[in-house]
Structures are given as structure tokens and as C-alpha cells.
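[1] I would like the atomic coordinates for the input below:
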Amino acid sequence: MRGLPLSAWAYVCGTVAAAVALLAMSSYARLDHHVLAVLVVLFIALDSAPAKLSVERARVSMSYAAGLASVVLLGSVGAAVVGASAIITGQRLRSPVKRLFNGAQFALCGYAAGTVYSALGGLTHQPAQPHWVEYALTPFLGALVTYVVVNLLLAGGVLLLSKQAPLWGLLWASGHLAVGVLGYGVIGLLIAGLWPTLGPGVLVLVLL
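    Here you go, the predicted structure:
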């Protein structure tokens, strides 16, 4: 992140400030802290081991699955907290600035996805209820697309402003990345569905 233009620094600072303000103004009274702790651990573990893609310098991880599961199990605020945990990823090569930006962008992604999930009626049925998947599928897909789009837009913005990628090259790379993150994100529905039965055991299953 060294040598960033002033516009890129302003963009990074604005993204971090927006996430901090969002987290500061949110209420955590209704959060299930037990579920939150497990999903934070899962998110960090998965984010620490990204997979290489055919796109140069691109990485994607199953942390998207944990992020989307948190949308279902914890709502928008919980998903934002889980996303913010990207700050403490185990990837050693990430600079402090990049950790802050990644935590901020995933917090905003989680909150936006959770808002869409709720707006589409996803919270009216819980994973333990009969036919839950039928009711949750459409809201989840809406949340999944929102999560991915917001993430790609935020990441693309800093790449454009820092002149690390041209617009058309960024659009091409984003298309390839979207396939991977959408695929991993769908696993979040499986995690949420298995939670009432396996509880924290889902963490072991997903890691395997």
C-alpha cells in the first residue's frame, strides 16, 4: 500500500471511517455472542488461507462462506462484526493499512448483505424450522449478490484510484473473481442450515 496517490488514501480512510461509524452506532444487545465467536474464528481461519486463481495476483478464500453464514445466523450487525475480523487475518504479507481496509470493506459487505437479507424476508424463518431453505433461498441469493458486488466495488475503487489496474482489466478480473466468491458464498447457506444440528462442529466440517 506504499506510494498510494492522495485520492486512494482518501478513499481508504473514508471506507475505514464508514465502517467504524457503522460499528460504533450499531446495537449488539440481541447478538448471540456464542455464534458470533465461532463465526469470527471460522472467518479468520478461512481468510488466512486464500486460494490462488487464474487472475494475476488475485486471491479468494472461503471466508465468504463464513461471512454469508453470519448474515443468516446473526443479521446485518453480526455480519459486519464478523467481516471486520479480517483485520486480524493470519496472512503475514498484509500491511496494517491493507488489514484495516479489508476489515472495513468486509464489515460494509456484511452489513449491506444482512440488510438485503432482512428486507427480502429472510429473518422471518430460522434454520431449525421446517422448509427453511425454501423461504431463505431467495433472500440468501439476494444477500450473496449484494455481498459480492459491494466487495468488488470497494476493492475495485482502491485499485482504480491507485492506478494498479485499468478499468477494462479490472472488469475482466472481477468477472473471474465473482465466480469463485459466489461459489464459496453459497456454502454459507449450508453452514447456516447445519448450525442447529452441529453447532460449533460446523467449524470443523468447513475447515476439512
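[2] Put the alpha carbons of stretch 140-148 into PDB.
    Output of stretch 140-148 as PDB, limited to C-alpha atoms (Å, rounded to 0.1, in the frame of the first residue of the first chain):
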ATOM      1  CA  PHE A 140     -29.900 -15.500   0.700                       C
ATOM      2  CA  LEU A 141     -29.200 -15.200  -3.000                       C
ATOM      3  CA  GLY A 142     -30.000 -11.500  -2.800                       C
ATOM      4  CA  ALA A 143     -27.700 -11.200   0.100                       C
ATOM      5  CA  LEU A 144     -25.000 -13.200  -1.600                       C
ATOM      6  CA  VAL A 145     -25.000 -11.000  -4.700                       C
ATOM      7  CA  THR A 146     -25.000  -7.900  -2.600                       C
ATOM      8  CA  TYR A 147     -22.000  -9.100  -0.600                       C
ATOM      9  CA  VAL A 148     -20.000  -9.900  -3.700                       C
END
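[3] Identify all contacting residues around it.
    Residues outside stretch 140-148 that contact it (C-beta atoms under 8 Å, 6 or more residues apart in numbering) are 64, 67-68, 71-72, 109-110, 112-114, 116-117, 120, 122, 178, 181-182, 185-186, 188-189. Every C-beta, even on glycine, is put in place using the N, C-alpha and C of the backbone.
[4] Of the residues you listed, grab the buried ones for ChimeraX.
    The buried residues among those can be selected in ChimeraX (16 or more other C-beta atoms under 10 Å) with this line:
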select :64,67,68,71,72,109,110,112,113,114,116,117,120,122,178,181,185,188,189
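[5] Which helix or strand in the protein has the lowest average pLDDT?
    Within the chain, no helix or strand scores below strand 51-52, which has a mean of 52 by mean pLDDT, DSSP states H and E.
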